[in-house]
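Q: pasting the sequence and the predicted coordinates here, then a few questions.
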Amino acid sequence: MRIKRFFKYFGISIAILVGGFLVAGQIAYHSIADVDSPPGKMYSVNGGEIHMHCTGPENDEKPTIIIISGAGTPSFLYSYLQEKLSETVRTCSYDTAGIAWSKANDIPYTAKNMSSELHQLLKTAQIDGPIILAGHSMGGIVSLIYSAEYEEQVAGIVFIDSSHYNQVDYFGKEFRDTLEKQDEEELTSLWWMEFSSKLGITKMMNNFDTSMSEIEREEYKMMESFDKWNPPYSTMRSMISNFNLSFEQGKDVHYDRGNLPIIAISASGIVSDDHLSSEIGGVSEEELSKGFIELHKDLAELSTNGRHVIVEETDHFSMVFNDETAEHILSLIPLIEEK
């Protein structure tokens, strides 16, 4: 009887704790602030609305720079780069469907579909060209596809630490197998992330995280708001599931571009000695950095008017906060004017 009574009260105690935890989670979830109004305008694309923010002087004699975000990255994380560029020339950034202020749709997240989405967006916004495509990460492949499909609009391409169609096979079978396993794990983790977000667990964990700086905390607050208002999980699952298809689409348009002004900008990759020992699929971070630099050189060589540069002391994302990156992008404009 004592044992039965013990388990009875033990079960009740556990139920109370779990119930209290869930209630606390929901309180935390519903305390998340509403999404701020978008800094740009909303445009009708594919039956939904896409957010695009344009800044800087309008000048028909100069091209407009279009920043194409890395896969799943919100446009506001490129605000520093956009601010620097727009001091000289009209610059636009945007959110693909399912990210930040742009609501999700049922169109698969592939590089080719992202190119089509951008074309419809620019058409709706009446931006006819000439344009410079500045693609970061997977946005580089989108840039290459767009420039093949809408050649007459594109005056130049900037690859910002860009993806490359051959970036997986380049490093060998073990590397490929490791990445495929990581993608499978990532797809599984996204379900748990979505589940924990809806329960308010993510919000509670962030509340107790004292390691974040004020800037990081503000960014997290914005991401929490978007996570509640426009959950990105279905978009991210589509993106990961279609990586290989996007690479194949990039391969199809990987051909000579004549004398089109092109610059491929690489991050140096190694920003401290702490990372030298890490590796993925038998490839060290140093080998990975050197390999991507070679792949970026290949992108620059698509044009007789192409060049490759490295921004020192930067990694894949910190380079978009570096003034030198903006200077390299703007260096295309005189080349375009000479043509």
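A: Perfect, I can see it now.
Q: switch to C-alpha atoms for all contacts and neighbour counts from now on
A: Noted.
Q: mind listing what residue 53 touches?
A: For residue 53, the contacting residues are 39, 40, 41, 92, 93, 94, by CA atoms under 8 Å, 6 or more residues apart in numbering.
Q: just confirm it is within a helix.
A: No: per DSSP: H, G, I helix; E, B strand; the rest coil, residue 53 lies outside any helix segment and is strand.
Q: could you give the bridge partners of it?
A: residue 93 (DSSP bridges).
Q: on that earlier part again, out of the contacts of residue 53, who's nearest residue 106?
A: Comparing these against residue 106 with CA to CA places residue 94 closest, at 18.7 Å.
Q: that closest one and residue 50 touch, don't they?
A: Yes: with contact defined as CA atoms under 8 Å, residue 94 reaches residue 50; the gap is 7.5 Å.
Q: burial of residue 41, as a residue count?
A: 15 (other CA atoms under 10 Å).
Q: phi, psi for it please.
A: Main-chain torsions, residue 41, degrees, to the nearest 10: phi -120, psi 160.
Q: cool, and the one 5 residues further on?
A: Geometry field for residue 46 lists phi and psi as phi 50, psi 40, criterion degrees, to the nearest 10.
Q: cool, and residue 43?
A: Per degrees, to the nearest 10, the backbone of residue 43 is at phi -130, psi 140.
Q: hey, what's it bridged with?
A: In beta-bridge terms (that is, DSSP bridges), residue 43 pairs with residue 50.
Q: pretty sure it is touching residue 124, no?
A: Yes: counting by CA under 8 Å, residue 43 touches residue 124, with 6.7 Å between them.
Q: more neighbours, the two?
A: Neighbour totals were compared for residue 43 and residue 124, and residue 43 leads with 19 against 13 (other CA under 10 Å).
Q: ok, the more buried one - contacts?
A: 49, 50, 51, 52, 121, 124, 125.
Q: kindly give a single ChimeraX line that selects the buried subset of those residues.
A: In ChimeraX syntax, the buried subset of the contacts of residue 43 is picked out as below (16 or more other CA atoms under 10 Å):
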select :49,50,51,52,121
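Q: could you dump the contacts of residue 43 to CSV with pLDDT?
A: What follows is those, written out as CSV (pLDDT from 0 to 100):
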residue, pLDDT
49, 95
50, 96
51, 97
52, 98
121, 98
124, 97
125, 96
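Q: what bits of the stretch 101-250 of the chain have low per-residue confidence?
A: Low-confidence segments of the stretch 101-250 of the chain (pLDDT under 70): 195-226, 228-229.
Q: could you pull out the strands in it for me?
A: Using DSSP state E, counting those that start in this stretch, the strands of the stretch 101-250 of the chain run over 131-136, 154-160.
Q: quick one: which of those is nearest residue 100?
A: strand 131-136 (17.1 Å).
Q: for that closest one, which strands pair with it and how are they oriented?
A: Partner strands and pairing direction for strand 131-136 (DSSP bridges) are strand 64-68 (parallel), strand 154-160 (parallel).
Q: name the residues that touch the last one?
A: Contacts with strand 154-160, where a contact means CA under 8 Å, 6+ apart, come from 63, 129-137, 140, 143-144, 147, 260-266, 296, 299, 329, 332, 336.
Q: for the record, mean pLDDT for stretch 58-76?
A: Stretch 58-76 shows a mean pLDDT of 91.
Q: run the chain-centre distance for it.
A: 13 Å (CA atoms, centre = their mean, to the nearest Å).
Q: same question, stretch 98-113
A: On CA atoms, centre = their mean, the centre of stretch 98-113 falls 12 Å from the chain's centre.
Q: may I have that stretch exported as PDB, CA atoms only?
A: What follows is the C-alpha trace of stretch 98-113 in PDB, where atoms were taken according to Å, rounded to 0.1, in the frame of the first residue of the first chain:
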ATOM      1  CA  GLY A  98       8.800  31.800 -46.000                       C
ATOM      2  CA  ILE A  99      11.500  34.000 -44.500                       C
ATOM      3  CA  ALA A 100      11.100  37.100 -42.300                       C
ATOM      4  CA  TRP A 101       8.300  39.400 -43.600                       C
ATOM      5  CA  SER A 102       7.600  37.200 -46.700                       C
ATOM      6  CA  LYS A 103       5.000  34.600 -46.000                       C
ATOM      7  CA  ALA A 104       5.600  31.000 -47.100                       C
ATOM      8  CA  ASN A 105       4.000  29.400 -50.200                       C
ATOM      9  CA  ASP A 106       3.900  25.800 -51.600                       C
ATOM     10  CA  ILE A 107       6.600  26.300 -54.200                       C
ATOM     11  CA  PRO A 108       9.700  24.100 -53.600                       C
ATOM     12  CA  TYR A 109      12.800  26.000 -52.300                       C
ATOM     13  CA  THR A 110      15.200  25.500 -55.200                       C
ATOM     14  CA  ALA A 111      17.700  27.900 -56.700                       C
ATOM     15  CA  LYS A 112      15.800  28.000 -60.000                       C
ATOM     16  CA  ASN A 113      12.500  28.800 -58.300                       C
END
